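[1] Task: produce atomic coordinates for the following.
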Amino acid sequence: MMETEEMQTDSHLFRQELTLHSIPAALDEMQMLMDDHNDLRIDLTNVKKIDTCGMQLLLATGHAAVQKGLAFHLVGTISKDIEDFISQAGFSEQFARMRDGYDSLTQPV
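    Numbers count the residues shown, from 1 in each chain. Sure thing, here's the model as predicted:
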């Protein structure tokens with residue numbers, strides 16, 4: 001399992017899969033978070049499945065957050081299956097940048 005960062009009390013624990021079938025609900029959740037928070041810390045510990053649509057949602061959310069002047073971080077522990085998917089799908093570099101976090105200057109924090 002890949003440790004993305006220690007869970008912090010201000011993190012939002014994402015509780016659903018990030019797949020094609022869950023994207024509408026996940027998108028609504030991400031939009032609410034961007035409207036309600038100064039910075040986004042998304043905890044992926046409870047996410048059991050992710051596909052390319054889910055990764056694209058995370059990438060788009062990170063870019064949208066930065067455009068709004070918010071910092072964006074992925075935190076928590078991800079499963080070996082998700083870690084393998086990220087690597088096999090070619091998202092390792094992008095995921096590492098999201099895990100390290102982006103600030104309002106679009107630079108890794």
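[2] contacts, neighbours, all on C-alpha from now
    Fine.
[3] what comes up buried for stretch 53-60?
    54, 55, 57, 58, 59 (16 or more other CA atoms under 10 Å).
[4] from those residues, which is closest to residue 85?
    Among these, residue 55 lies closest to residue 85 (CA to CA), at 10.1 Å.
[5] which residues are in contact with whichever strand or helix holds the closest one?
    For residue 55, the host element (DSSP states H and E) is helix 52-67. With contact meaning CA atoms under 8 Å, 6 or more residues apart in numbering, helix 52-67 is reached by 18-20, 23, 27, 30, 34, 39-40, 71-73, 89, 91, 94, 98, 102-106.
[6] Any quick ChimeraX command for the buried ones out of the residues you listed?
    Command for ChimeraX that selects the buried part of these, burial taken from 16+ other CA under 10 Å:
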select :18,19,23,27,30,34,39,40,71,72,73,91,98,102,103,104,106
